[in-house]
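Enquirer: Show me how the following folds:
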Amino acid sequence: MGNLVCTHFRSLLLVLAPAFAVAATDAPPRTYDVAAYGATGGDIRADTAAIQRAIDACSAHGGGQVVVPSGARLTIATIVLKSHVDLHLERGALLQGSPHHGDFTRFSSLPVTFDTRPPPKIGVIVYADGAEDIAITGPGRIDGNDMAYVTEAGPNIYSCVELRPFAVVLRNCTHILLRDFSLTNSAFWTLRLQGCDDALIDALRIDGDLRMPNNDGIDIDWSSNVRLRGCHISTGDDCISLKTAPLSDGVSRPCENVVISGCTLRSRSCAIVLGCDVGGPIRDVVVSDCVIKDSHRGVAVRLSLEGSIERVLFSNLIIETRIFDPKWWGRGEPIQIAALPWTVGSRLGVIRDIRFSNLICNSENGAIVFADDPGHIENISFDRVSIHLSTPGAFAGGQQDLRPNDRGGLRDIPTSGFILNNASGVAFRDCSVTWGPNPPDYFKYALDASSSPGLADAGLTGEAAHPGLPAKFIH
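Expert: The predicted model follows:
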């Protein structure tokens, strides 16, 4: 009986084999080489159109991988990712942005600052809107062609044309994977997630010119469930920035459930910043196991609008900061928490429940927790945070940078290990402040605290920078 069944099954397979062969032949490909769609490296518009045809075909057939092959060097305008497409950059592949801003498709819903309404129409090299299950992967590179937009190469910061393209913008997308590729020489913000959900950003290398203004590394705006790990980022502007920038279309959602870990960072502004353009809540953020070197500011929580920032953990960080040109925001602070109105009449929310643990800081300025008015900063804890202050190098200290702020940005406030102003419920446990040799006159106290009710400072040790000064000046 068993032999009859097997014989019958083999006969059935022979009958159906042609049908199976036809089905296999008719199946759509899973990889789409851009060269097969006409990309040659010879013409910006032709290569852009060729890549877009490959993306469109891939998405129309249910998804797969669009491949930019090794050795391909393609200068392009805007390409738009579609659902279920993985844009894969093989090793040695390069997509470079056009040197002509007029080549880019313009998108108007990408605000740069909260006070620009309607926002300018900004170009983008790689864009997606409302797509799901998308990816950019592979060891290749996307280059922003930044020097094409520079008008004057100053010694510390460039002057640029007004409109410069973003490198990658993903808007209102879900289920995103960004892995392994490099982003270099961005002319403007490098990678922006706006209104996205469920994104993994893994092992990217972002290498921006340290003199290029506004070339943020990664901006996470109104987005949730974002995991950012193992990236190396070097940028003039902020390396990693979380925002809830107010939108002209009235969209409102939190930026929440964000985990940042295992990154190495360098910036002429801030390495990791939450804010300052916070129109809605930023909450439930974990930052851990990162190394910050050669930066103007280490980590910051900054509020300038009516939103809120709460439930944030910073742990296991090594931070090295120094003072750079004042055109860059920051004054060498390893840690900054600031709640200050951006413009006259701006309503201001609250920063609460922020914890720092296991931080080793070497810096040219101290940590600052500062509000001009009470009621906007509460429940801040420092646990096993050490700060060693050394004499500033090329740029003098003795100032605190509170920009943007309608009451003045750079203020002449002497340097202390920790500065508190209008912050309630600040607690220290096993923290220390030490000073390097030959401290300047504007180096003062281990702790300078004013108008800070509920202060628990017993867990902070350290002497003043100079004999005759108290270690703690609480007033």
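Enquirer: Residue 86: how many residues sit nearby?
Expert: The tally of other residues near residue 86 (other Cβ atoms under 10 Å) stands at 21. All C-beta spots, glycine's among them, are computed from the backbone N, C-alpha and C.
Enquirer: Now it: which helix or strand?
Expert: For residue 86, the host element (DSSP states H and E) is strand 85-89.
Enquirer: Averaged pLDDT, the very next helix or strand once past that strand. What do you get?
Expert: Per DSSP H and E, strand 85-89 leads on to strand 94-97 as the next helix or strand towards the C-terminus. For strand 94-97, mean pLDDT rounds to 98.
Enquirer: From the contact counts, what lies against strand 94-97?
Expert: Packed against strand 94-97 by the contact rule (3 or more Cβ pairs under 8 Å, 6 or more residues apart in numbering; DSSP states H and E) you find strand 73-76, strand 122-129, strand 141-143.
Enquirer: Which of the ones you listed has the lowest mean pLDDT?
Expert: Among the helices and strands packed on strand 94-97, strand 122-129 scores lowest, with a mean of 94.
Enquirer: partner strands of whichever helix or strand comes after it, parallel or antiparallel?
Expert: Next along the chain after strand 122-129, taking DSSP H and E as the criterion, comes strand 132-137. Strand 132-137 pairs in its sheet with strand 85-89 (parallel), strand 174-179 (parallel), by DSSP bridges.
Enquirer: Output these in a markdown table; the columns should cover distance to residue 59.
Expert: A markdown table is the format used below for the strands paired with strand 132-137 (distance: least, Cβ to Cβ, whole Å):
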| stretch | distance to residue 59 |
| --- | --- |
| strand 85-89 | 5 |
| strand 174-179 | 14 |
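Enquirer: Just name the most buried of the ones you listed.
Expert: Highest mean neighbour count of those: strand 85-89, a mean of 25 (counted as mean count of other Cβ atoms under 10 Å).
Enquirer: Looking at the strands paired with strand 132-137, which is nearest to residue 153?
Expert: Distance to residue 153, taken as Cβ to Cβ, is lowest for strand 85-89 among the strands paired with strand 132-137, at 28.9 Å.
Enquirer: Could you pull up the mean pLDDT of that closest one?
Expert: 98.
Enquirer: residues making contact with that strand?
Expert: Residues outside strand 85-89 that contact it (Cβ atoms under 8 Å, 6 or more residues apart in numbering): 55, 58-59, 63-68, 81, 95, 126, 131, 134-142, 177, 181.
Enquirer: can you give me how far it is from the chain middle?
Expert: 22 Å (Cα atoms, centre = their mean, to the nearest Å).
Enquirer: tell me the angle it makes with strand 122-129.
Expert: Counting by axes from the mean of the first three to the mean of the last three Cα atoms, to 10 degrees, strand 85-89 lies at 130 degrees to strand 122-129.
Enquirer: now residue 147, what's its secondary structure?
Expert: Judged by DSSP: H, G, I helix; E, B strand; the rest coil, the three-state class of residue 147 is helix.
Enquirer: so how far is residue 153 from it?
Expert: Going from residue 147 to residue 153 by Cβ to Cβ, to the nearest Å gives 8 Å.
Enquirer: With residue 424 instead?
Expert: For residue 424, the distance to residue 153 (Cβ to Cβ) stands at 46 Å.
Enquirer: same deal with residue 372?
Expert: Per Cβ to Cβ, residue 372 is found 37 Å from residue 153.
Enquirer: Give the rounded mean pLDDT of whichever helix or strand residue 358 is part of.
Expert: In the assignment (DSSP H and E), residue 358 maps to strand 350-363. The pLDDT scores in strand 350-363 average 98.
Enquirer: The following helix or strand past it pairs with which strands, parallel or anti?
Expert: Downstream of strand 350-363, the next assigned helix or strand under DSSP H and E is strand 367-371. Looking at strand 367-371 with DSSP bridges, its partner strands are strand 335-339 (parallel), strand 418-421 (parallel).
Enquirer: Averaged pLDDT, strand 367-371. What do you get?
Expert: On average, strand 367-371 scores 97.
Enquirer: rewinding a little: quick one: which of residue 424 and residue 153 has more around it?
Expert: Counted by other Cβ under 10 Å, residue 424 and residue 153 do not tie: residue 424 has more neighbours, with 19 against 12.
Enquirer: Report the contact partners of that one.
Expert: 374, 377, 378, 379, 452, 453, 454.
Enquirer: Kindly report the same for residue 429.
Expert: 381, 382, 383, 384, 459.
Enquirer: Can you give me the pLDDT of the third one?
Expert: At residue 383, the predicted lDDT confidence score is 98.
Enquirer: Could you confirm it falls within a helix?
Expert: No - assigned with three-state DSSP, residue 383 falls outside any helix and is strand.
Enquirer: Just give the nearest non-adjacent residue to it, would you?
Expert: residue 357 (4.1 Å; Cβ to Cβ, 6 or more residues apart in numbering).
Enquirer: That neighbour touches residue 386, doesn't it?
Expert: No - using Cβ atoms under 8 Å, residue 357 is not in contact with residue 386; the gap is 11.6 Å.
Enquirer: can you give me the helices for the stretch 301-450 of the chain?
Expert: With DSSP state H, counting those that start in this stretch as the criterion, the stretch 301-450 of the chain has no helices.
Enquirer: Where does the prediction get shaky in the stretch 151-300 of the chain?
Expert: Counting by pLDDT under 70, the stretch 151-300 of the chain has low-confidence residues at 247-252.
Enquirer: one step back: could the strands paired with strand 367-371 go into a markdown table alongside mean pLDDT and mean neighbour count?
Expert: Output for the strands paired with strand 367-371, formatted as a markdown table (pLDDT from 0 to 100; neighbours: other Cβ atoms under 10 Å):
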| stretch | mean pLDDT | mean neighbour count |
| --- | --- | --- |
| strand 335-339 | 97 | 27 |
| strand 418-421 | 98 | 24 |
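Enquirer: Kindly present the ones you listed as a markdown table, with separate columns for distance to residue 400.
Expert: Output for those, formatted as a markdown table (distance: least, Cβ to Cβ, whole Å):
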| stretch | distance to residue 400 |
| --- | --- |
| strand 335-339 | 9 |
| strand 418-421 | 7 |
